[in-house]
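[1] Got a predicted model here, sequence first, then my questions.
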Amino acid sequence: MASIRARRGKLFVDFRYMNMRCRETTNLTDTPANRKKLAKIIEKMEAEITLGIFDYAAYFPKSERAQELTALADRAEACISRNPTFKQFSEIWYEEKKIEWRPSYQDKVQTILDKYLLPEFGNKAVHAIKKTDLLAFRSALAKVRYGKDAQSSLSVARINEIMVPLRMILQEAADRYEFQMPYKNIKTLKQSRPDVNPFTLTELWLFLKHVRADYKAYYTTRFFTGMRTSEIDGLKWDCVDFDRREIRIRGALVNGEMGPTKTLGSQREIAMSQLVYNALQDQKSVTYGKSEFVFCNSQGNPLEYRNVNRRIWKPTLALLGLKHRRAYQTRHTAATLWLAAGENPEWIARQMGHSSTEMLFRVYSRYVPDVTRQDGSAIDNLLLASKEKLIDASNGSETKGLTTNAQTDKETSQ
């Protein structure tokens, strides 16, 4: 039962709601008349709580807990109701699923919900959403304009990203409330090939020769390990094993915070080439014992990739007259170099953190000739070797024939 208390001359209400103790201060001074007035308000509150129609924010609009408790009430109603709104069910779904995701992906999904899905579907009963609604929504996304003078539009990849949580929410709701899944036979929009623009060997050596000296080890490691930006920026010394000559990928730095890797398969061991071994030995003399991170700033904190791109990556490309590209291209470069060198594709996939070689061949194989500049040389070498064996075999037969004939002539003459 709620009670009326006083603090610093003001009345406040002490009550329970959603199995939580709540205390809210009022603007009423502590007088008998105000206590009587507040008692009537409390009586109404308790009746509404009992009936399940209590609106916390209506009684305490300035309360810091109003939004939190309103959301809890909505989720509780959705759990009981057989016909929750999309907003109500999406909150349940998000709370249940977020434990499976990295913090960065939690933020991404929450942004998609707040910016796109809830404004469109929030107040609709989740079971009432039809396939036509989904197709119309996707078409509308293609018409969204943003940026300076509204010249930019959402990419196909971004539209597909937005549709993924929508499909997941509807699938879970359909399973839970036993209605027909509306997101059926809606194909993912076709995307253009990934932006893969690896460095040639000439460009790579040119970059490493001219990049700022204190970042040479950093970029050498990037170019020859294929590590993602989040992986190398989050690399710690306890994951560098010089004896085994390997780098253990066990975490990633995203938005300044350490977290799990992109996928479970991304946890892997990367073999150190001699170049990487030497680069990390050089780096050890700079940061080992001063920071847990292999690559860090002067305060020992991990690098902030936007800052590095702005101060180091982009200026170096511009200085050398090289085509501007994302720093992620260092990962693509490593893959194409390994392929060009004839490394085992399964080994390469493990180094990259891929679950299979499918992505390796689909994304990178077409760039191998651009790295080696020896298009078709493999088949030429194969044919040449085969031809030489054939000639050797023929010469051997001829020699054997001559020897046999000479021996026969000798025996005849005797």
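    Yes, it's here.
[2] CA only for contacts and neighbour counts going forward, please
    Fine.
[3] quick one: the strands in the protein?
    Taking DSSP state E as the criterion, the chain carries its strands at 3-7, 10-17, 20-29, 145-146, 152-153, 240-241, 246-249, 252-254, 257-259, 268-271.
[4] Let me have those in a markdown table, adding mean neighbour count, distance to residue 35 and mean pLDDT as columns.
    Below are those laid out as a markdown table (neighbours: other C-alpha atoms under 10 Å; distance: least, C-alpha to C-alpha, whole Å; pLDDT from 0 to 100):
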| stretch | mean neighbour count | distance to residue 35 | mean pLDDT |
| --- | --- | --- | --- |
| strand 3-7 | 14 | 7 | 89 |
| strand 10-17 | 17 | 8 | 89 |
| strand 20-29 | 14 | 8 | 87 |
| strand 145-146 | 12 | 54 | 81 |
| strand 152-153 | 13 | 58 | 84 |
| strand 240-241 | 18 | 68 | 96 |
| strand 246-249 | 20 | 64 | 96 |
| strand 252-254 | 23 | 53 | 88 |
| strand 257-259 | 16 | 50 | 83 |
| strand 268-271 | 19 | 67 | 94 |
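[5] For residue 125, find the nearest of the ones you listed.
    strand 10-17 (26.1 Å; C-alpha to C-alpha).
[6] Who are the packing partners of that closest one?
    Secondary-structure packing of strand 10-17 (3 or more C-alpha pairs under 8 Å, 6 or more residues apart in numbering; DSSP states H and E): strand 3-7, strand 20-29, helix 32-51.
[7] Throw the ones you listed into JSON lines and include distance to residue 282, thanks.
    Shown next, in JSON lines, are those (distance: least, C-alpha to C-alpha, whole Å):
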{"stretch": "strand 3-7", "distance to residue 282": "64"}
{"stretch": "strand 20-29", "distance to residue 282": "57"}
{"stretch": "helix 32-51", "distance to residue 282": "67"}
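[8] could you list every residue that touches the most centrally placed residue in the chain?
    By C-alpha atoms, centre = their mean, the chain has its centre lying nearest to residue 262, at 5.4 Å. With contact set as C-alpha atoms under 8 Å, 6 or more residues apart in numbering, residue 262 has these partners: 102, 252.
[9] try 10 Å
    By C-alpha atoms under 10 Å, 6 or more residues apart in numbering, the contact set of residue 262 is 101, 102, 104, 105, 228, 230, 231, 251, 252, 254, 353.
[10] Can you show me the CA trace of stretch 151-166 as PDB?
    Taking Å, rounded to 0.1, in the frame of the first residue of the first chain, the C-alpha atoms of stretch 151-166 are listed here in PDB:
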ATOM      1  CA  GLN A 151      21.800  14.400 -52.700                       C
ATOM      2  CA  SER A 152      22.700  11.000 -51.100                       C
ATOM      3  CA  SER A 153      20.500   8.000 -50.900                       C
ATOM      4  CA  LEU A 154      20.600   4.700 -49.000                       C
ATOM      5  CA  SER A 155      22.800   2.100 -50.500                       C
ATOM      6  CA  VAL A 156      21.500  -1.400 -51.400                       C
ATOM      7  CA  ALA A 157      23.700  -2.800 -48.700                       C
ATOM      8  CA  ARG A 158      22.100  -0.400 -46.100                       C
ATOM      9  CA  ILE A 159      18.600  -1.200 -47.200                       C
ATOM     10  CA  ASN A 160      19.300  -4.900 -46.800                       C
ATOM     11  CA  GLU A 161      20.800  -4.200 -43.300                       C
ATOM     12  CA  ILE A 162      17.600  -2.500 -42.300                       C
ATOM     13  CA  MET A 163      15.400  -5.300 -43.500                       C
ATOM     14  CA  VAL A 164      17.300  -8.000 -41.500                       C
ATOM     15  CA  PRO A 165      16.100  -7.100 -38.000                       C
ATOM     16  CA  LEU A 166      12.600  -6.600 -39.500                       C
END
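[11] any idea how far residue 264 is from residue 218?
    Separation of residue 218 from residue 264 (C-alpha to C-alpha, to the nearest Å) stands at 25 Å.
[12] Those two - which one has more neighbours?
    Taking other C-alpha atoms under 10 Å, residue 218 and residue 264 do not tie; residue 218 has more neighbours (20 against 11).
[13] Might one say that the more buried one is in contact with residue 278?
    No - checked against C-alpha atoms under 10 Å, the pair residue 218 and residue 278 is beyond contact range at 11.6 Å.
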